[in-house]
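Peer 1: Fold the following, please.
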Amino acid sequence: MITNFFIPELNNHDVQELWFQQDGTTCHTARATIDLLKDTFGDRLISRFGPVNWPPRSCDLTPLDYFLWGYVKSLVYADKPHMLDHLEDNIRRVISDIRPQMLEKVIENLTSRLDYIRASRSSPMPEIIFKM
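Peer 2: Numbering: from 1, shown residues only. Predicted coordinates for the structure are as follows:
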């Protein structure tokens with residue numbers, strides 16, 4: 001997927017300032033995958049075994065975990081798709097409907113989370129503080 005879809009798609013964009021973040025799933029952090037991503041993003045790779053080592057089990061600091069997956073899942077399954085094509089269409093629609101304003105709020109929330117972590121010296125975050 002990275003080689004056949006993601007990298008070619010990036011060639012259509014200026015990625016000089018783009019950072020790439022991924023979770024620590026074993027298949028995502030295979031040496032070949034990390035090497036490919038390092039070649040593409042250099043030191044702007046946030047990943048287990050990458051130049052910026054993302055802390056394990058840091059779902060409170062990962063927008064994909066604390067926002068995107070739950071948001072997408074709630075809308076993708078709203079009409080209870082029974083066919084794979086329908087599910088894929090729903091995923092494409094929901095992802096394409098995400099607007100920059102929503103992502104700006106997610107980043108503001110991430111900033112708040114990071115500020116909280118700094119101020120609390122890495123103590124756990126109460127779930128109630130960061131409701132979106």
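
Peer 1: in the chain, which spans are strands?
Peer 2: Assigned by DSSP state E, the strands in the chain fall at 20-21, 45-46.

Peer 1: Nearest approach to K73 belongs to which of the ones you listed?
Peer 2: Among the strands of the chain, strand 20-21 comes nearest to K73, with 19.5 Å by C-beta to C-beta. All C-beta atoms are positioned from the backbone trio N, CA, C, and that covers glycine.

Peer 1: Show residues contacting the closest one.
Peer 2: 37, 40-41, 44-47, 54, 62, 64 (C-beta atoms under 8 Å, 6 or more residues apart in numbering).

Peer 1: Recalculate using a threshold of 10 Å.
Peer 2: Applying C-beta atoms under 10 Å, 6 or more residues apart in numbering, the contact partners of strand 20-21 are 2, 6, 10, 37-38, 40-42, 44-47, 50, 52, 54, 61-64.

Peer 1: What strands line up against it, and which way round?
Peer 2: Partners of strand 20-21 in the sheet, by DSSP bridges, are strand 45-46 (parallel).

Peer 1: And the average pLDDT for the partner strand is what?
Peer 2: Summarised as a single mean, pLDDT over strand 45-46 is 84.

Peer 1: now the longest helix seen in the chain: how far from the chain's centre is it?
Peer 2: Using DSSP state H to define each element, the chain has its longest helix at helix 100-120. Put simply, helix 100-120 sits 14 Å off its chain's centre (C-alpha atoms, centre = their mean, to the nearest Å).

Peer 1: For that helix, list the C-alpha coordinates in PDB.
Peer 2: Extracted in PDB, the C-alpha atoms of helix 100-120 (Å, rounded to 0.1, in the frame of the first residue of the first chain):
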ATOM      1  CA  PRO A 100     -10.000  21.500   7.600                       C
ATOM      2  CA  GLN A 101     -11.900  23.200  10.400                       C
ATOM      3  CA  MET A 102     -12.500  19.900  12.100                       C
ATOM      4  CA  LEU A 103      -8.800  19.000  11.800                       C
ATOM      5  CA  GLU A 104      -7.900  22.400  13.300                       C
ATOM      6  CA  LYS A 105     -10.000  21.500  16.400                       C
ATOM      7  CA  VAL A 106      -8.300  18.200  16.600                       C
ATOM      8  CA  ILE A 107      -4.800  19.900  16.500                       C
ATOM      9  CA  GLU A 108      -6.000  22.400  19.200                       C
ATOM     10  CA  ASN A 109      -7.100  19.500  21.300                       C
ATOM     11  CA  LEU A 110      -3.700  17.700  20.800                       C
ATOM     12  CA  THR A 111      -1.900  20.900  21.800                       C
ATOM     13  CA  SER A 112      -4.100  21.000  25.000                       C
ATOM     14  CA  ARG A 113      -3.200  17.400  25.700                       C
ATOM     15  CA  LEU A 114       0.600  18.100  25.200                       C
ATOM     16  CA  ASP A 115       0.300  21.200  27.500                       C
ATOM     17  CA  TYR A 116      -1.400  19.000  30.100                       C
ATOM     18  CA  ILE A 117       1.300  16.400  29.900                       C
ATOM     19  CA  ARG A 118       4.000  19.000  30.300                       C
ATOM     20  CA  ALA A 119       2.400  20.600  33.300                       C
ATOM     21  CA  SER A 120       1.600  17.400  35.000                       C
END
